[in-house]
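*Asks:* got a predicted structure here, sequence first:
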Amino acid sequence: MFNISVLYDAGVVGLRIVMPLLAIIIVYQCYAAMRRRRRPEKPLVSLYNPRSGGMIPVVFWENSIGRSKSSDIVINDLSVSRNHCVLLRRSAGWFVSDVGSMSGTFVNGVRVNGRAQVLIDDIIKVGSTEYQLKRGNDFNSPLRSDKFFSKVSDKPAIQAWKLMFMITMFHLFMAVEAMFWNDGGNVYSPMILFGALAATEWIFFSVSYFALRRVNFELEALGLFLTGIGVMMLVRQAERSAYVQLAAAGIGIVLYCLIIKFIEDPDRSDKIRLPMMIVSVLMLASSIVLGRVTNGAANWVYIGSISFQPSEFVKTIFIFVGAGALDKLQTKRNLIEFIIYSVVCVGLLALMSDFGTALIFFVTFLLVAFMRSGDIKTVLLPVGAVAGTFGLLSFLAERINFIGDRFNYVLNRFKAYRHVWDYANEAAGYQQVRVLTYIASGGLFGVGIGNGYFKQYFASESDLVFALVAEEMGVIVAIVTALAVAMLMIYARAITTRSRSTFYSISACCAAGLLVVQLSLNIFGATDILPLTGVTFPFVSCGGSSLISCWGLLAFIKAADERTYSIKR
């Protein structure tokens, strides 16, 4: 007589082995497809030098012109300023904009004030050098792909519906695992949650593929894959929170679509830049006035039974404000405004004792500053200033008790850094010791959804979710989810060479960088590689504010892909 329990055990073991393999395939196919379905590249226009007879291909929608080596078009002319002018394309045609040069910029002999339209065969004078605007087809030499464009694959991409089918199957396997939870409970609740999740995913896919007729869905699929893992991980721990997380995902997807539509015209960002700055500062200030201190930081605002973190929403605004049209970015006034805005944001976060988020904002500021200037020297001074400030605060905190309980809470985490086992049963190291223990106990393939013990500890579903994923789904799946987020930076860097506008390039790289920094602080802080800062794992951690923010940031990466606005099926 066949023993049904043997079949059950074999099925459970098989499922735990299949899921890591499927996760690897999904993430690989997402990134592989992002490199495919690219249109052939050619110059948009070209600049002809009548004196030398040379021709320069113009390959971007926004091109900085100057003597600086970081300029898109470098002119070796001492009468040309380091950042002289910007040649940019908009829906009405091509324009040139002077950015405060010493000798000025001229179009057909007329000095440029603000933006001036440039037509084919018009003469642009920069310093003592003249260029004639020509059509892109007039440039006959092959483009140097290693300089201008990242390499892409000619292989056909996986069909979007197949990718979505694999993601749906992965989430279904999670639901099946959760149905056989050892502690009992409603056996059908995981399948009900899975049904709601699958419906959300496929509605989003149908709208994008059939209504908007997008040719690519890989980035959205990656976001849905990670979001679904976070939702399904909650089904046996906090089922109500799972549905709240799913609702937040729906809001985040709507925000994602709205941002992509709004920034279709890069000039829109400049029109609402100042109001957005004011709104974001007021949102952070509201946390100081109305925020409730939670885990040492006053970053939660409660309105009745609803709670949210304003700082999470400000992340999206911060990227929006930091990036902008290139002819605006290169003015000193714009740079000074952004520096002041960044100092205010980081300062307000420090007053809340939310040093993890403050660090994320600071690193994002460095990314924006570097991408705007192209000079590593511009980031060394703020790094040194911040390092010195934190060193001074740490020195004073050990000698006088002026900082208060919230700052002492943060300092206790630094006290246990790299010595968590010495504080295994104290607040300073209690959580990280359990993280390391249960990551090891999960092994390569995990113990099954709901069967782990780490879920009984505080913040296991939010700040320490990496350990929960590793214990219940295995170290392989945990690492794959981390790589799925980390590789966004590589992808964002690759697509910026094909992006229409500097606004898209800067916002995409900085949004991806923000997510990667947040990921690093979450994982490395939980595992004692870095001090514990209490930030979330992007897309996976429980927290509606964080999830909505992540989808908003993903929209900037999507917008930088030249296929998003230029290609329909």
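*Replies:* Perfect, I can see it now. Predicted model, so just to flag it, every value in this text is computed and none were measured.
*Asks:* so residue 124 sits in a strand?
*Replies:* Yes. According to DSSP: H, G, I helix; E, B strand; the rest coil, residue 124 belongs to a strand.
*Asks:* who does it bridge with?
*Replies:* residue 107, residue 131 (DSSP bridges).
*Asks:* what is the neighbour count of residue 303?
*Replies:* 8 (other CB atoms under 10 Å). (Glycine included, C-beta is placed from N, CA and C.)
*Asks:* next: the one 10 residues further on.
*Replies:* Other residues within reach of residue 313 by the criterion other CB under 10 Å amount to 20.
*Asks:* does it touch residue 549 like I think?
*Replies:* Yes. Using CB atoms under 8 Å, residue 313 is in contact with residue 549, at 6.1 Å.
*Asks:* so which elements touch whatever helix or strand residue 470 lives in?
*Replies:* Here residue 470, judged by DSSP states H and E, is contained in helix 465-473. Helices and strands touching helix 465-473, by 3 or more CB pairs under 8 Å, 6 or more residues apart in numbering; DSSP states H and E, are helix 218-232, helix 430-442, helix 475-495, helix 502-526.
*Asks:* could you rerun that using 7 Å?
*Replies:* Counting contacts by 3 or more CB pairs under 7 Å, 6 or more residues apart in numbering; DSSP states H and E, helix 465-473 packs against helix 430-442, helix 475-495, helix 502-526.
*Asks:* let me know which of those is tucked in deepest.
*Replies:* The highest mean neighbour count among these, using mean count of other CB atoms under 10 Å, belongs to helix 502-526: a mean of 25.
*Asks:* show me what that helix is packed up against.
*Replies:* Helix 502-526 packs on helix 310-322, helix 355-373, helix 465-473, helix 475-495, helix 544-560, going by 3+ CB pairs under 7 Å, 6+ apart.
*Asks:* nearest to residue 529, out of these?
*Replies:* helix 465-473 (11.7 Å; CB to CB).
*Asks:* pLDDT (mean, whole number) over the closest one?
*Replies:* Averaged across helix 465-473, the pLDDT comes to 93.
*Asks:* outside of it itself, list whatever touches it.
*Replies:* 19, 233, 435, 438-439, 441-442, 446-449, 451-452, 454-455, 460-461, 477-478, 481, 522-523, 526, 537, 540-541 (CB atoms under 7 Å, 6 or more residues apart in numbering).
*Asks:* stretch 557-565 too?
*Replies:* Contacts of stretch 557-565 (CB under 7 Å, 6+ apart): 37, 215-216, 219, 260, 263-264, 488, 492, 495-496, 498-500, 504-505, 508, 511-512.
*Asks:* what average pLDDT does it get?
*Replies:* 83.
*Asks:* again, but for stretch 78-87
*Replies:* 89.
*Asks:* what's the end-to-end length of that stretch?
*Replies:* 20 Å (CA to CA, to the nearest Å).
*Asks:* tell me which residues of it are tucked away?
*Replies:* 80-81, 83-87 (16 or more other CB atoms under 10 Å).
*Asks:* tell me the two of those that are most distant?
*Replies:* Longest span within those, CB to CB: 81 and 87, 14.7 Å.
*Asks:* ok so, going back, run the chain-centre distance for the helix holding residue 470.
*Replies:* 22 Å (CA atoms, centre = their mean, to the nearest Å).
*Asks:* pLDDT below threshold where in the stretch 301-450 of the chain?
*Replies:* Counting by pLDDT under 70, the stretch 301-450 of the chain contains low-confidence ranges at 324-332, 372-415.
*Asks:* cutoff 80 now
*Replies:* 302-307, 323-336, 350-351, 353-355, 369-419, 423-429 (pLDDT under 80).
*Asks:* cool, the stretch 451-569 of the chain as well?
*Replies:* 496-502, 562-569.
*Asks:* and with 50 instead?
*Replies:* Within the stretch 451-569 of the chain, no range satisfies pLDDT under 50.
*Asks:* now do the biggest helix by length in the chain: which elements does it pack against?
*Replies:* Ranked by residue count and defined by DSSP state H, the top helix of the chain is helix 4-34. The elements that helix 4-34 packs onto, with contact taken as 3+ CB pairs under 7 Å, 6+ apart, are helix 160-179, helix 218-232, helix 475-495.
*Asks:* got the contact list for the second one?
*Replies:* When you say that, I think you mean helix 218-232. Taking CB under 7 Å, 6+ apart as the rule, helix 218-232 contacts 26, 30, 33-34, 163-164, 167, 171, 174-175, 178, 193-194, 197, 201, 204, 208, 242, 245-246, 249, 449, 481, 484, 539-542, 547, 551, 554, 557-558.
*Asks:* residue 49: which of the helices and strands packed on helix 465-473 is closest?
*Replies:* Once the helices and strands packed on helix 465-473 are compared by CB to CB, helix 502-526 is nearest, at 23.9 Å.
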